[in-house]
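Trainee: task: produce atomic coordinates for the following.
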Amino acid sequence: MTQLDGVVKPKTKRSKRFLESRAPKLVEDVKTAMIMKGGNTSLTITRALKDIFALKKPNAVLYKKKNITRPFEDSTSLEFFSKKTDCSLFLFGSHNKKRPNNLIFGRLFDFHVLDMVELGIDKYVGLGDIKASKCPEGTKPLLVFAGEAFESDNDHKRLKSLLTDFFRGPSVSAVRLAGLEHILHITALDGKIYLRSYRSLLKKSGCRTPRVELEEMGPSLDLVMRRTHLASDDLYKLAHRQPKALKVKKKKNISHDAFGTKFGRVHMQKQDLSKLQTRKMKGLRKRKAAAAAITEDAAAGATGELEGHAPKASKVDG
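Mentor: Presented below is the predicted three-dimensional model:
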């Protein structure tokens, strides 16, 4: 590929397809996350990264080598790897004396860091520690957020948005009941964040609606919020802006009742029925001519009787 006046021009068809895949689209592809560990890690961080990667697959890239970087101080390397692998989400794990068992969730906009939240692991139970059946790879999770902090505190609101972006998976138009198999429950309580992963079991209930039971499958994390790097309101609004082609236009004078029936209101001017053009037919035309002739004959007979041209009376004998 050659670069001229700031425009990258491909030389081969392969490079052209690559640039087209990276070009902006009306409907973007599923967001991919890169999962990496810092220069110093612990066994807890290594297992947590692998377990979260297992939940995120296949929309994730796991880096096995260590990356000596500090995202809150310099995010250049993160932005470089994001552009290289076309990832808009990242999870960075590190461990040191000041901040032990540290996880940094973040996302990027236009290959620049948009916002980051640093969470510390207080308690961790891995996927392998819980002996239960697991969900298949690529299962779209059902996200459940509980806690008043997610509605009142600004940092927790951004964390809720970030975790939703991270775990939501592909966008689908409909989900069958059996497809709601994986449930991620995130609770904010007393300054801590509890992340639990469940598998839903549909059992017989004696009626059409099955009885739902939740079985914990892991991982289980007790987290505490440490540092945050949040985007400004203007940049955050710009990152959420949608193209005009995707905006649904509001339809006027249309309503729905409680049963989903659609009703429409049509506004019309008062019609002049005297100028209404009716359909002309040959059959109707002949009938009208015959009726007019009969009417003329009847009118002529009536006129003769009135002028004294009545028929003579017959002679009566005797």
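
Trainee: when you work out contacts or count neighbours from here on, use the C-alpha atoms and nothing else.
Mentor: Fine.

Trainee: ranges for the strands of the stretch 51-200 of the chain?
Mentor: 60-66, 89-94, 102-109, 112-125, 142-146, 182-189, 192-203 (DSSP state E, counting those that start in this stretch).

Trainee: in contact with the closest residue to Y124 other than its chain neighbours, which residues?
Mentor: Using Cα to Cα, 6 or more residues apart in numbering and skipping residues adjacent in sequence, the residue nearest Y124 is L221, 4.8 Å away. For L221, the residues meeting the contact criterion (Cα atoms under 8 Å, 6 or more residues apart in numbering) are I121, D122, K123, Y124, V125, Y194, L195, R196.

Trainee: separation between L221 and G39?
Mentor: Taking Cα to Cα, to the nearest Å as the measure, L221 falls 22 Å from G39.

Trainee: what of S161?
Mentor: According to Cα to Cα, S161 and G39 sit 28 Å apart.

Trainee: okay, helices next: where are they in the stretch 201-318 of the chain?
Mentor: Counting by DSSP state H, counting those that start in this stretch, the stretch 201-318 of the chain has helices at residues 233-239, 282-306.

Trainee: which of the ones you listed comes out lowest on mean pLDDT?
Mentor: Looking at the helices of the stretch 201-318 of the chain, the lowest mean pLDDT belongs to helix 282-306 (a mean of 61).

Trainee: wait, G264 touches I254, no?
Mentor: Yes. G264 lies in contact with I254 (Cα atoms under 8 Å); the separation is 4.6 Å.

Trainee: what's around I52, how many residues?
Mentor: Other residues within reach of I52, judged by other Cα atoms under 10 Å, total 18.

Trainee: repeat that for the one 4 residues further on.
Mentor: Burial measure for K56: 23 neighbouring residues, criterion other Cα under 10 Å.

Trainee: who's in contact with it?
Mentor: Taking Cα under 8 Å, 6+ apart, we find K56 in contact with A33, G138, F167, G169.

Trainee: gap between the helix or strand harbouring K16 and the chain center?
Mentor: Using DSSP states H and E, K16 sits in helix 13-22. The chain centroid and the centroid of helix 13-22 are separated by 27 Å under Cα atoms, centre = their mean, to the nearest Å.

Trainee: before we move on, the earlier item: how close does the residue nearest to Y124 get to K56?
Mentor: When Cα to Cα is the yardstick, L221 and K56 sit 16 Å from each other.

Trainee: got any ranges where the stretch 201-318 of the chain has weak pLDDT?
Mentor: Counting by pLDDT under 70, the ranges of the stretch 201-318 of the chain that qualify are 280-318.

Trainee: ok, back up a step: nearest to K131, out of the strands of the stretch 51-200 of the chain?
Mentor: Between K131 and those, the tightest spacing by Cα to Cα is seen for strand 112-125, at 11.4 Å.

Trainee: quick one: buried residues of the closest one?
Mentor: Of all the residues in strand 112-125, those buried under the rule 16 or more other Cα atoms under 10 Å are H112, V113, L114, D115, M116, V117, E118, L119, G120, I121, Y124, V125.
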